[in-house]
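**Student:** My questions are about this predicted structure, shown below with the sequence.
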Amino acid sequence: MTQPAAVPDDDNDARDFAIRIYSRLVWTMSVMAVLASAGLWRIYGRNFALAFMIGATVSLVNFYWLRRTIESAFERTVSSEESPSSAGIVTRFLLRYILIAIAAYVILNSSSLSVQGLIAGLSLPAGAIMLEALYQIFRVLRHGF
């Protein structure tokens, strides 16, 4: 019996599968950020939309840094060759939260409505992941296993 088409056969296929998903997530988050920013500007005004854009930017950078941190930790764990330092991994991990804290501080000093926009922007990866899950479900339903 063969494996389902949605499940990669070997390590290279699995890596390619993960790269495609990551690329789609980044693309989806970018498109959602642009479209939502325009709509939010029109509905809620400039402050809310700008706070959303800041949150979306922070979430995109955070998503990239998270990927790099996971890759570095994996390389450090699995690879016997020279691997990234633990200090570098921890620093990148902490910088993600420092960036969020700075953005929140700046937004909090502007207006309370802007805080909601920041939180909405920071939620961008959750929306992109839900859309990716729907894409994968429809892909399996359409093409089968």
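**Tutor:** That came in fine, so what should we check first?
**Student:** Can you tell me the centre-most residue of this protein?
**Tutor:** The centroid of the chain falls nearest to Phe63 when counting by Cα atoms, centre = their mean (3.7 Å).
**Student:** Spit out the contact partners of it.
**Tutor:** Residues in contact with Phe63 (Cβ atoms under 8 Å, 6 or more residues apart in numbering) are 25-26, 29, 125. Just so you know, the C-beta spots here come from the backbone N, C-alpha and C atoms, and that holds for glycine as well.
**Student:** Tell me the helices and strands packed up against the helix or strand hosting Arg139.
**Tutor:** Per DSSP states H and E: Arg139 is located in helix 124-143. In this structure, helix 124-143 makes packing contacts with helix 11-44, helix 46-78, judged by 3 or more Cβ pairs under 8 Å, 6 or more residues apart in numbering; DSSP states H and E.
**Student:** between those, which gets nearest to Leu134?
**Tutor:** Taking Cβ to Cβ, helix 11-44 is the member of those nearest to Leu134, at 10.7 Å.
**Student:** Which positions within that closest one qualify as buried?
**Tutor:** 25-26, 28-29, 32-33, 36-37, 40-41, 44 (16 or more other Cβ atoms under 10 Å).
**Student:** pull the CA atoms of the helix holding Arg139 into PDB?
**Tutor:** The C-alpha trace of helix 124-143 is given here as PDB (Å, rounded to 0.1, in the frame of the first residue of the first chain):
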ATOM      1  CA  LEU A 124      -1.900  37.800  11.500                       C
ATOM      2  CA  PRO A 125      -0.100  34.500  11.600                       C
ATOM      3  CA  ALA A 126      -3.100  32.800  13.200                       C
ATOM      4  CA  GLY A 127      -5.300  33.900  10.200                       C
ATOM      5  CA  ALA A 128      -2.700  32.800   7.700                       C
ATOM      6  CA  ILE A 129      -2.400  29.400   9.400                       C
ATOM      7  CA  MET A 130      -6.200  28.900   9.400                       C
ATOM      8  CA  LEU A 131      -6.200  29.700   5.700                       C
ATOM      9  CA  GLU A 132      -3.300  27.300   5.100                       C
ATOM     10  CA  ALA A 133      -5.300  24.600   7.000                       C
ATOM     11  CA  LEU A 134      -8.300  25.200   4.800                       C
ATOM     12  CA  TYR A 135      -6.100  25.000   1.700                       C
ATOM     13  CA  GLN A 136      -4.700  21.700   2.800                       C
ATOM     14  CA  ILE A 137      -8.200  20.300   3.600                       C
ATOM     15  CA  PHE A 138      -9.500  21.300   0.200                       C
ATOM     16  CA  ARG A 139      -6.400  20.000  -1.500                       C
ATOM     17  CA  VAL A 140      -6.800  16.600   0.100                       C
ATOM     18  CA  LEU A 141     -10.600  16.500  -0.600                       C
ATOM     19  CA  ARG A 142     -10.100  17.500  -4.200                       C
ATOM     20  CA  HIS A 143      -7.100  15.200  -5.000                       C
END
